[in-house]
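Colleague: here are the coordinates; sequence isn't available:
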């Protein structure tokens, strides 16, 4: 019996993560990080045992067509149709993140609930007792069962009213990073296990709490001294300077290892510096990133203008 190959279509930001987790499981991952036609989807699937797509990149209509061609694809049309029946709300404040996984053999798992603030994620969410946490997790498991989930998702709910569902992230969760450093089985590995119907791993948290976030300092100040202070106060604290990691990579490494397009890989470092300064000068707490580019919008506008009727 050969190890399976999973085709994934998701944000390039998680490409390296899934490839790394696949290696640990002994499986292969083929990856696409952009929209593609139904024909391209079917061609992509030929070298895969199954394909797993982000519905924010691949439309439900395309998924349905691929399904009819006899290709195993997740999430299924039925799952998406069931989810569309569930109303969602909007909220710009604090959110709770519930990660949940479910396999074809109906094995399920959840992680500790995470509080997402402006710049931080805190796991477990503070101020929540065992009964509240259990109630939220059971609600998430019930929802996963109702929509026939196969895989793992992140459910974002209002921190003040967990019954208000805000959004669902299928392959790239907002709070996935904490599970990589603080859970026995992280979200990404569990996602692969679930779609392949492998036994799910333990999601026990390995610390009393996990806090992740952005450390902002004055570019003209001595960054090293705060590090010394923070490390001395908490020996378990870990730092991840993403911008410096990017600077250390060659152009080719950014393309191959991070899955960046060539025209993005060469400008991402100065772009990060520009964005960081803009956020700081404007006191920006949140930014909205569209799922389509400017060219897509222009084309859509022209279609509506000339062919709308």
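Modeller: That came in fine, so what should we check first? Because the structure is a prediction, the values reported are computed rather than measured.
Colleague: So which elements touch the lengthiest helix in the chain?
Modeller: Ordering each helix of the chain by length in residues (DSSP state H) puts helix 130-146 first. Where contact means 3 or more C-beta pairs under 8 Å, 6 or more residues apart in numbering; DSSP states H and E, helix 130-146 is packed against strand 95-102, strand 108-110, strand 151-158, strand 161-169. Placement of C-beta: from N, CA and C, glycine included.
Colleague: Give me the sheet partners of the second one and which way each runs.
Modeller: By that I understand strand 108-110. If you go by DSSP bridges, strand 108-110 pairs up with strand 95-102 (antiparallel).
Colleague: what's the answer for the longest one, then?
Modeller: As defined by DSSP bridges, the strand partners of strand 161-169 come to strand 151-158 (antiparallel).
Colleague: what residues does the strand it pairs with touch?
Modeller: 52, 74-75, 89, 91, 93, 95-102, 116, 136, 140, 143-144, 163-170, 173-176, 187, 190-191, 194-195 (C-beta atoms under 8 Å, 6 or more residues apart in numbering).
Colleague: returning to that earlier point: now the longest helix of the chain and strand 95-102, what's the angle there?
Modeller: Interaxial angle, helix 130-146 versus strand 95-102 (axes from the mean of the first three to the mean of the last three C-alpha atoms, to 10 degrees): 50 degrees.
Colleague: Helix 130-146: which residues count as buried?
Modeller: 133, 136-137, 139-141, 143-144 (16 or more other C-beta atoms under 10 Å).
Colleague: again with stretch 164-171
Modeller: Buried-residue list, stretch 164-171, by 16+ other C-beta under 10 Å: 164-166, 168-171.
Colleague: Which single one of the residues you listed is nearest to residue 201?
Modeller: Nearest to residue 201 among these is residue 171, at 17.7 Å by C-beta to C-beta.
Colleague: what residues are up against the closest residue in space to that closest one that isn't next to it in sequence?
Modeller: Leaving aside its chain neighbours, residue 171 sits nearest to residue 10 (4.0 Å; criterion: C-beta to C-beta, 6 or more residues apart in numbering). The contact partners of residue 10, by C-beta under 8 Å, 6+ apart, come to 18, 31, 33, 52-54, 57, 170-172.
Colleague: cool, and residue 54?
Modeller: 9-11, 170-172.
Colleague: redo that, cut-off 6 Å
Modeller: Residue 54 makes contact with 10, 170-171, according to C-beta atoms under 6 Å, 6 or more residues apart in numbering.
Colleague: can you map out the strands along the chain?
Modeller: Secondary structure of the chain by DSSP state E: the strands cover 5-9, 28-32, 50-53, 73-74, 95-102, 108-110, 114-116, 120-123, 151-158, 161-169, 210-213.
Colleague: Please render those as a markdown table that adds mean pLDDT to the earlier fields.
Modeller: Converted to a markdown table, the strands of the chain look like this (pLDDT from 0 to 100):
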| stretch | mean pLDDT |
| --- | --- |
| strand 5-9 | 94 |
| strand 28-32 | 92 |
| strand 50-53 | 94 |
| strand 73-74 | 94 |
| strand 95-102 | 96 |
| strand 108-110 | 96 |
| strand 114-116 | 94 |
| strand 120-123 | 89 |
| strand 151-158 | 94 |
| strand 161-169 | 90 |
| strand 210-213 | 82 |
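Colleague: and among those, the most buried is which?
Modeller: strand 95-102 (a mean of 25; mean count of other C-beta atoms under 10 Å).
Colleague: who touches that one?
Modeller: Under C-beta under 6 Å, 6+ apart, the answer for strand 95-102 is 108-111, 113-114, 116, 125, 140, 144, 149, 152, 154-157, 159, 162, 175, 187, 190, 194, 200.
Colleague: now the stretch 151-300 of the chain, which segments are flagged as low pLDDT?
Modeller: 214-224, 226-227, 238-243, 285-287, 289-293, 295-296 (pLDDT under 70).
Colleague: can you pull out the helices in it?
Modeller: Using DSSP state H, counting those that start in this stretch, the helices found in the stretch 151-300 of the chain span residues 176-182, 187-195, 224-233, 242-248, 251-256, 262-265, 268-281, 294-307.
Colleague: among these, which is nearest residue 38?
Modeller: Checking these against residue 38 by C-beta to C-beta gives helix 294-307 as the closest, at 17.4 Å.
Colleague: and the closest one, how far from the chain's centre?
Modeller: Chain-centre distance of helix 294-307: 29 Å, with C-alpha atoms, centre = their mean, to the nearest Å.
Colleague: again with stretch 74-81
Modeller: Taking mean C-alpha positions (C-alpha atoms, centre = their mean), stretch 74-81 and its chain are 18 Å apart.
Colleague: Tell me which residues of that stretch come out buried.
Modeller: For stretch 74-81, the neighbour count (16+ other C-beta under 10 Å) marks 74-77, 79-80 as buried.
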